[in-house]
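Colleague: Sequence and predicted structure are below.
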Amino acid sequence: MKRDTYKVILLSSLIIISIIQTYSLWLGNVLGHKFFIEKTLMPIKPESIWLNTGGEYTKAYKVANYKSEYENIILELKTNLSQGIEINEEKKYDWKELFNIKGIIYEYKIEVTLDEIMAEPIEFPYTFDTILLSLNGDKCIYLISQAKGYYFVLRTTNAFTASKKIYDVILENEDNMIKYQPSIKDLKAPYLERNVFLANISAASPLVYTPIKFQNNLELEEDKMLILDRYVDDFFDKPIMKEIEINEEGMITFTEPMKAIIKYFPKGSMEYVNLNGKFTNTDMTRLEAYNAAMLFIQNSAIFLDNLKENLYLENITKNNDSYTFNFNIMYENHKVVISNSMKEFLNLDYMISIQVRDNEIISGKWAMLDITPIILEYSKAIKEGYASPIDTMYSLLKQEGYEPIFKNVECVYTIEGINMVTDLRWGIKYGDKWYYPILLNF
């Protein structure tokens, strides 16, 4: 009798397991394409963080965004702001005065609000693009808008001891780090729209770098379809029901009718469209939408690790009730620029673009390009300082009748082709386009 009972229990268990597995097979991960925000929001991350030595002849050092110190410095800022602040009145903008302060500088590509940095509600109607956390012992944080020409001083109850320790630890190795010059305190300041940290490079202090190449490694895989199939299943309610179509150019389209479409382009990109968004017109803040986009990227295996680990937010656009977040990447702390020809080739303007509405992902486009370092028997380095590219570019435009003011000057990697060796070089951003005047590459 006991034996029969045992058999019944075992058989019942197997049936239940079978039902669960069949359900999962047919329905998949029903929340796979919905990346709802968590209760605890993450703040908008800065593009770059700098250690400013202060004084009349201040120098700055860039904090690598792939190191733990980078995350700890961001956390310290959020913690300090959350522990109670006193906001002083608006002051006129003077970068020279502020750059005499020893501290940590947080740079953003966009104008952000205080609640987007604290990741919690606060009434403060002003926006800013730069934060200076003073390490002079005065417990001050400066919220600066370079674009609008003002700053606020925040006084906190914290002495920033953790940030001070990180500052000291990083600068223990400063002899092996590239020094940067704040352009606002340099003779080149009139040529630039806002402050730019200019790398102090010379023959005596060269910038050593690693050449790289970009390629779609998925095209080299024999099991490409199996890998893609596994990637895209999370985006469908019923993965087993998805339809697959391959056109003459090798583009693969995965479709669940009236639910979602994912397209894979062998040139090195993918697109996603959610056809079944359940929009309720619920009020959504920009920070909530940012968190939805970031969780989508972080939780999806379809995004390459070299993209996830090196992202920075390039810009945000709003269209009616939706936000689009556009991201680019860095490699070894240097920006990766997509050339105009490659934008057309890949049908991408940014490395990753994610559109969010009602905390739900409604579309996305992203690159599928792996970064491969080129190992050489010798070191490659840039030995030319920033003055030469600025002067060359200015002279060229002056001859054409322009009085140029540049958006940016820095050393960048530029994607100009697949499987091509890509070197680091000086780039100048004028308008919305990058130029490389030393190579006369226009």
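Modeller: Arrived safely, thanks for sending.
Colleague: tell me which residues of stretch 49-63 are tucked away?
Modeller: For stretch 49-63, the buried set under the neighbour-count rule, 16 or more other Cβ atoms under 10 Å, comprises Ile49, Trp50, Leu51, Asn52, Thr53, Gly54, Thr58, Lys59, Ala60, Tyr61, Lys62, Val63. From N, CA and C alone the C-beta is placed, and that goes for glycine too.
Colleague: What average pLDDT does it get?
Modeller: Predicted confidence along stretch 49-63 averages 93 (mean pLDDT).
Colleague: Output it in CSV, but only the C-alpha positions, please.
Modeller: The C-alpha coordinates for stretch 49-63 follow below in CSV (Å, rounded to 0.1, in the frame of the first residue of the first chain):
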residue,chain,number,x,y,z
ILE,A,49,34.9,62.1,-12.9
TRP,A,50,38.0,64.2,-12.2
LEU,A,51,40.3,64.7,-9.3
ASN,A,52,41.2,68.4,-9.2
THR,A,53,44.4,69.3,-7.3
GLY,A,54,43.4,72.9,-6.8
GLY,A,55,45.6,76.0,-6.5
GLU,A,56,46.5,78.6,-9.1
TYR,A,57,48.2,76.0,-11.3
THR,A,58,45.7,73.2,-10.8
LYS,A,59,45.9,69.9,-12.6
ALA,A,60,43.2,67.2,-13.0
TYR,A,61,43.4,63.4,-13.2
LYS,A,62,40.6,61.3,-14.8
VAL,A,63,39.1,58.5,-12.7
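Colleague: chain center to that stretch, what's the gap?
Modeller: 22 Å (Cα atoms, centre = their mean, to the nearest Å).
Colleague: I'd like the distance between the spatially most central residue of the chain and Tyr126.
Modeller: Averaging the C-alpha coordinates of the chain gives a centre point, and the residue nearest to it by Cα atoms, centre = their mean is Tyr312 (1.5 Å). Relative to Tyr126, Tyr312 is positioned 23 Å away (Cβ to Cβ, to the nearest Å).
Colleague: pretty sure Ile49 belongs to a strand, no?
Modeller: Yes - Ile49: assigned to a strand according to DSSP: H, G, I helix; E, B strand; the rest coil.
Colleague: So it sits against Ile105, correct?
Modeller: Yes - in this structure Ile49 lies within contact range of Ile105 using Cβ atoms under 8 Å: 7.0 Å.
Colleague: Can I get stretch 299-313 in PDB? Just the C-alpha atoms.
Modeller: Taking C-alpha atoms only, stretch 299-313 is exported to PDB below (Å, rounded to 0.1, in the frame of the first residue of the first chain):
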ATOM      1  CA  ASN A 299      19.600  42.500 -17.500                       C
ATOM      2  CA  SER A 300      19.700  41.600 -21.200                       C
ATOM      3  CA  ALA A 301      22.300  39.100 -22.400                       C
ATOM      4  CA  ILE A 302      21.900  40.400 -25.900                       C
ATOM      5  CA  PHE A 303      24.100  43.500 -25.100                       C
ATOM      6  CA  LEU A 304      27.800  42.900 -25.400                       C
ATOM      7  CA  ASP A 305      29.800  43.200 -22.200                       C
ATOM      8  CA  ASN A 306      32.200  45.800 -23.800                       C
ATOM      9  CA  LEU A 307      29.200  48.000 -24.300                       C
ATOM     10  CA  LYS A 308      27.600  47.500 -20.900                       C
ATOM     11  CA  GLU A 309      30.800  48.100 -19.000                       C
ATOM     12  CA  ASN A 310      31.900  51.300 -20.700                       C
ATOM     13  CA  LEU A 311      28.600  53.200 -21.300                       C
ATOM     14  CA  TYR A 312      28.100  56.900 -20.800                       C
ATOM     15  CA  LEU A 313      24.900  58.800 -21.400                       C
END
